[in-house]
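Chemist: Model the structure of this input:
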Amino acid sequence: MSNLGPDAIAGLTLAALAIPEQIATARLAGFPPQAGFVTLIAGAIGFAVFGDSRKLSVGADSTIAPIFAGSLAVLGAAGPHHYVQAAAALALTVGVLLVLAGAFRFGFVADLLSIPVMTGFLAGIAAHIVVSQTPDALGLERTNGPLLAQVFSLATRLPSANGWTVAISLGMLALMLAGERISARFPGALVGLAAAAAATAFLNLQTCGVATLGEVSGGSLHLAAPMVEVTDFRTIAPLAVIVTLVVMVQTAATTRSFAGTGGHNADVNRDFLGVGVANVLSGVVGAFPVDASPPRTAVVVASGGTSQFVSLVAAAVALAVLIFGGQAIGYIPRAALAGVLFFVAIRIVRVQVFADVWRRSRSEFLLILATVCAMLILPIEQGVGLGIFTSLLHGVWTTTRTHAIELKRIPGTSIWWPPSAGGPGEGVAGVKVIALQAPLSFLNAYDFTAALERDARGAALRLIVIEANALVEIDYTGAAMLEEVVRGLRARGIDLALARLESVRAQESFARLGLMDLFGHDHIFHSVEQAVETLAAGASPS
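Modeler: Sure thing, here's the model as predicted:
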């Protein structure tokens, strides 16, 4: 109870920063401003009840908004109401998938996107945000179509830009950048939107071509299942999988980034459950998918927030503004919201990661470029899907190129180590020690067993010791191929032993798949040296 006062103040700070962002993101998602308030309320309630993190902020998010807005545009051709219903159905589907992911502890799925691919993905999202908001910033009509076609259209219409709207959008961006330098808690967006709305009202800028949001009706929150055609799920279902994966990645990253603050550890699966329920609530009140927000969560932490009461206070403020402040919100220029989203786009581009990957791994820098190009050239949902596929392909490639290596003993010690520039090391006559530097699965089982066969050539070989420190898991294919090569080599008079099988999972798998019995418990050792001394007694160094 002693933290309620500080948490209430942190909630007011969060509301001041989140409300402008929620309005802007609702516009980005193709919804009226009030939908942004609804998603903030749904996100706060759903996560506060079912989530684990005490500080995670959930609501409308500019990372996923361009993905589903572009994809659902096809369904929106039937009318605005159909678009809203499709987005609500998408939120409901995403919520169910997230709840299942949390219930079945699928937290590992969040690790399927590598940092380079995620960096390229966010840069592509930033580009889509900038291009989609530039018409509002210039006072021009929006156009549809591929991203590059929109860029070309904007370039040809630049001379028709409205000076007032350009000044408002750039002024808004400058104020937010300056406010960020002052303090992370400075409500630059709120101050800027208030100033822009006041200037529009008192100077009657609408007569100068400055477009505003128009009066916002508070309406009423009501629960209802979204009404869509069964055929619409041909678009909604695959899109829900993509959005769910992106939400999982961002939620896990946010949870882990702020884990441990206040003595509270991270439970990613429980947070998936909370964000899933938040999406379900957002769907049944007719809004769109929500996500965990790293910037808003950082604000909670910086403001000294200690519980989800912070988000609930922010939601209560949003509800009050929605009910009583609709007329004032109506004076906000669309160009000002474009400035807010320009700021968001700048902040999600990880320039330092670009530079660091370029310096340390040129091959993975190509992953960033490939993902960015896919996001710019293809429809956005296809670009995201290709990015996910590229990340998985890179992981498979990394695993399959892991080769078996022969270890040598460091002279004068009992340590077996890969030969290095420090010296070739020493072996033992008739003995070879082979190590695999990855889990043994169908991805690399052929190469490993082929290496064992290759190293077994030579009449003098009597023993092969498999150093299994890195072998943390083995699947059926790996076990079957290993069993085949062990039986074949033993039939040729070459014995095999296992050393340093430290992984509990691997031990369980070896027992379940019959490999413990195959090797024999008298052929399983805690160290390579122990195996060599026991099974090659009297052998001399070579």
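
Chemist: secondary structure element for Glu406?
Modeler: strand 404-409 (DSSP states H and E).

Chemist: contact partners of that strand?
Modeler: 415-419, 424-428, 432-437, 447-448, 451-452, 455, 467, 528-529, 541 (C-beta atoms under 8 Å, 6 or more residues apart in numbering). Where C-beta positions appear, they are placed from N, C-alpha and C, glycine not excepted.

Chemist: Which of these are buried, as a ChimeraX select command?
Modeler: In ChimeraX, this line selects whichever of the contacts of strand 404-409 come out buried by 16 or more other C-beta atoms under 10 Å:
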select :416,417,425,427,428,432,433,434,435,436,448,451,452,455,467,528,529
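
Chemist: residue contacts, the nearest residue to Val109 once chain neighbours are set aside?
Modeler: For Val109, ignoring the flanking residues on the chain, the nearest one in space by C-beta to C-beta, 6 or more residues apart in numbering is Met248 at 5.8 Å. Met248 makes contact with Leu98, Ala101, Phe106, Val109, Ala110, Phe272 under the criterion C-beta under 8 Å, 6+ apart.

Chemist: Least confident of the residues you listed?
Modeler: The member of the contacts of Met248 with the lowest pLDDT is Ala110, at 77.

Chemist: what's the nearest residue to that one if we skip its chain neighbours?
Modeler: Counting by C-beta to C-beta, 6+ apart, Ala252 is the residue found nearest to Ala110 once chain neighbours are left out, at 3.6 Å.

Chemist: mind listing what's buried in the helix or strand harbouring that neighbour?
Modeler: Using DSSP H and E, Ala252 sits within helix 233-257. Using 16+ other C-beta under 10 Å as the test for burial, helix 233-257 gives 233, 235-236, 239-240, 242-255.

Chemist: so how far is it off the chain centroid?
Modeler: How far helix 233-257 lies from its chain's middle: 8 Å, per C-alpha atoms, centre = their mean, to the nearest Å.

Chemist: And for Leu386, nearest residue in space, chain neighbours not counted?
Modeler: Leaving aside its chain neighbours, Leu386 sits nearest to Ala374 (4.4 Å; criterion: C-beta to C-beta, 6+ apart).

Chemist: gap between the one you found and Thr119?
Modeler: Ala374 sits 13 Å away from Thr119, going by C-beta to C-beta, to the nearest Å.

Chemist: more crowded one of these two?
Modeler: Between Ala374 and Thr119, counted using other C-beta atoms under 10 Å, the more crowded position is Thr119 (26 against 22).

Chemist: Which strand or helix spans the more buried one?
Modeler: Taking DSSP H and E as the definition, Thr119 sits inside helix 115-138.

Chemist: quick one on the thing from earlier: after the helix holding Ala252, which helix or strand is next? Please name it.
Modeler: From helix 233-257, the next helix or strand downstream (DSSP H and E) is helix 268-284.

Chemist: could you give the angle of that next one to helix 233-257?
Modeler: Angle between the axes of helix 268-284 and helix 233-257 is 140 degrees (criterion: axes from the mean of the first three to the mean of the last three C-alpha atoms, to 10 degrees).

Chemist: Let me know the next secondary structure element after helix 268-284.
Modeler: Remark: after helix 268-284, the chain's next helix or strand is strand 291-292, criterion DSSP H and E.

Chemist: If you tally nearby residues, what's the number for the closest residue to Pro295 other than its chain neighbours?
Modeler: Using C-beta to C-beta, 6+ apart and skipping residues adjacent in sequence, the residue nearest Pro295 is Arg347, 6.9 Å away. Other residues within reach of Arg347, judged by other C-beta under 10 Å, total 16.

Chemist: What mean pLDDT does the helix or strand harbouring Arg347 get?
Modeler: Element membership for Arg347 (DSSP H and E) is helix 334-348. Across helix 334-348, pLDDT averages out at 91.

Chemist: Pretty sure the residue nearest to Pro295 sits against Ser293.
Modeler: No: if you go by C-beta atoms under 8 Å, Arg347 and Ser293 don't touch, sitting 11.4 Å apart.

Chemist: List the residues that are in contact with both of Ala374 and Thr119.
Modeler: The contact sets of Ala374 and Thr119 do not overlap (C-beta under 8 Å, 6+ apart).

Chemist: Wait, Met375 touches Leu122, no?
Modeler: No: the criterion here is C-beta under 8 Å, and Met375 misses it with Leu122 at 9.3 Å.

Chemist: These two: which is more packed in?
Modeler: Remark: of Met375 and Leu122, Met375 carries more neighbours, 27 against 21, as counted by other C-beta under 10 Å.

Chemist: Excluding covalently adjacent residues, which one is nearest to that one?
Modeler: Gly124 (2.4 Å).

Chemist: Okay, the residue nearest to Val109 and Gln22: tell me how far apart.
Modeler: Applying C-beta to C-beta, the value for Met248 to Gln22 is 22 Å.

Chemist: How about Leu273?
Modeler: Separation of Leu273 from Gln22 (C-beta to C-beta) stands at 23 Å.

Chemist: Check Phe233 and give its pLDDT.
Modeler: Listed pLDDT for Phe233 reads 89.

Chemist: List the contacts of it.
Modeler: Contacts of Phe233 by C-beta under 8 Å, 6+ apart are Ala89.

Chemist: Which one of Leu273 and Gln22 is surrounded by more residues?
Modeler: The neighbour comparison of Leu273 against Gln22 (other C-beta under 10 Å) goes to Gln22, with 29 against 22.

Chemist: Please name the nearest non-neighbouring residue to that one.
Modeler: Gly36 (3.3 Å).

Chemist: Tell me the helices and strands packed up against the helix or strand where the one you found lies.
Modeler: If you go by DSSP H and E, Gly36 is part of helix 33-50. Packing contacts for helix 33-50, counted by 3 or more C-beta pairs under 8 Å, 6 or more residues apart in numbering; DSSP states H and E, involve helix 4-28, strand 58-59, helix 268-284, helix 309-324.

Chemist: Could you identify the helix or strand that succeeds the second one?
Modeler: Using DSSP H and E, the helix or strand that follows strand 58-59 towards the C-terminus is helix 65-76.

Chemist: Give me the distance from the helix or strand just after that following helix to the chain's centre.
Modeler: Per DSSP H and E, the first helix or strand lying C-terminal to helix 65-76 is helix 80-103. Relative to its chain's centre, helix 80-103 lies at 18 Å (C-alpha atoms, centre = their mean).
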